[in-house]
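Chemist: show me how the following folds:
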Amino acid sequence: MRHSFALAVATLALAMPVSAQDDVPIIKTQAASAFVWGEDNFRGVVSSSVRDPVTDNVIRKLEHGGVEVSSRAGFESIRSGEGGELLAFTATIVNNTEAELLVKQGGASVDGRVALPLPVVRSKKGLNKKVRNQVWDLASMNCFSSGFLPNDTVLSSDSSSKPFNVISKRALTVSSVVKDPRHYSVLCSEDGCHPKGTIRFFVTVNATDYVFAWPGRDIVYCGK
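Modeler: Below is the predicted model of the structure:
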């Protein structure tokens, strides 16, 4: 049987200020069918993982019915002198079917706490002070400026309801950024520092969520 996954109502992301990321938001949810990485108990769903030949970082894949979705995840500190971490995700949707696919931004949760997408821009240049204080720029995020994650199509809180079309035999790569809603979310050991707990990220393809569960130890530090 397909799994049921709770979806945050996208329109609430527009109204919720960035500072609310520090609190647990109260939101409505609705059920949607989902494929979860590592839980291949629905016939035809295949989970797999490969390593990037250049960086050796893990890429996780979900395949079903001619649709392949692969995901990577990274994290970094917000800014020098500020607490908290940014969690960044990317998903590449490959359409090997004969039909067009509709891709919508999904969402993320951190140990069961909803993490809303941040409002992001490529650059704050030319924006007035009020707007600059309300958005996050990709140029300041090393996960993107270093090339670790692609920034061709970065989904923001103001694009959460906009679908993207993927025609037959083509692919689309989308990325998203959230702020970890927890305090003291990183645990350090001899193996390095990683977010605690499990982070879940999903993207919606047609009416199905493709869900990737990332234990914090598997998320790559892509900060400076």
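
Chemist: against residue 91, how distant is residue 154?
Modeler: According to CB to CB, to the nearest Å, residue 154 and residue 91 sit 12 Å apart. Just so you know, the C-beta spots here come from the backbone N, C-alpha and C atoms, and that holds for glycine as well.

Chemist: spatially central residue in this protein, please.
Modeler: By CA atoms, centre = their mean, the chain has its centre lying nearest to residue 89, at 3.7 Å.

Chemist: ok, what's across the strand from that residue?
Modeler: Counting by DSSP bridges, residue 89 is bridged to residue 73, residue 176.

Chemist: more neighbours: residue 154 and residue 91, which one.
Modeler: Using other CB atoms under 10 Å as the criterion, residue 154 and residue 91 rank with residue 91 on top: 26 against 22.

Chemist: and the closest residue to that one other than its chain neighbours, helix, strand or coil?
Modeler: Using CB to CB, 6 or more residues apart in numbering and skipping the chain neighbours, the partner closest in space to residue 91 is residue 203 (4.5 Å). At residue 203 the chain is in strand, as set by DSSP: H, G, I helix; E, B strand; the rest coil.

Chemist: beta partners of residue 203?
Modeler: When assigned by DSSP bridges, residue 203 has beta-bridge partners residue 105, residue 210.

Chemist: state the phi and psi torsions of residue 170.
Modeler: phi -120, psi 170 (degrees, to the nearest 10).

Chemist: from residue 48, how far off is it?
Modeler: 21 Å.

Chemist: go on, residue 114?
Modeler: Distance of residue 114 to residue 48, given as CB to CB: 28 Å.

Chemist: what's near enough to touch residue 123?
Modeler: Residues counted as contacts of residue 123 (CB atoms under 8 Å, 6 or more residues apart in numbering) are 137-139.

Chemist: give me that answer again for 7 Å
Modeler: By CB atoms under 7 Å, 6 or more residues apart in numbering, the residues touching residue 123 are 137, 139.

Chemist: next one: residue 164
Modeler: By CB under 7 Å, 6+ apart, the neighbours of residue 164 are 103, 172, 174.

Chemist: any idea which of the residues you listed is closest to residue 52?
Modeler: In terms of CB to CB, no member of the contacts of residue 164 lies closer to residue 52 than residue 174, at 18.1 Å.

Chemist: ok, back up a step: what confidence value was assigned to the residue nearest to the centre of the chain?
Modeler: Listed pLDDT for residue 89 reads 95.

Chemist: repeat that for the one 3 residues further on.
Modeler: Predicted confidence (pLDDT) for residue 92: 96.

Chemist: state the number of residues packed around it.
Modeler: Residue 92: 18 surrounding residues under other CB under 10 Å.

Chemist: and what of the one 4 residues further on?
Modeler: Counted with other CB under 10 Å, the neighbours of residue 96 add up to 13.

Chemist: what touches both of residue 154 and residue 91?
Modeler: Counting by CB under 7 Å, 6+ apart, residue 154 and residue 91 have no shared contacts at all.

Chemist: can you show me the helices along the protein?
Modeler: 10-15, 129-132, 142-145 (DSSP state H).

Chemist: thinking again about what came up before, list the residues that contact the residue nearest to residue 91.
Modeler: Each residue near residue 203 by CB under 7 Å, 6+ apart is listed here: 69, 91, 103, 105-106, 174, 210.
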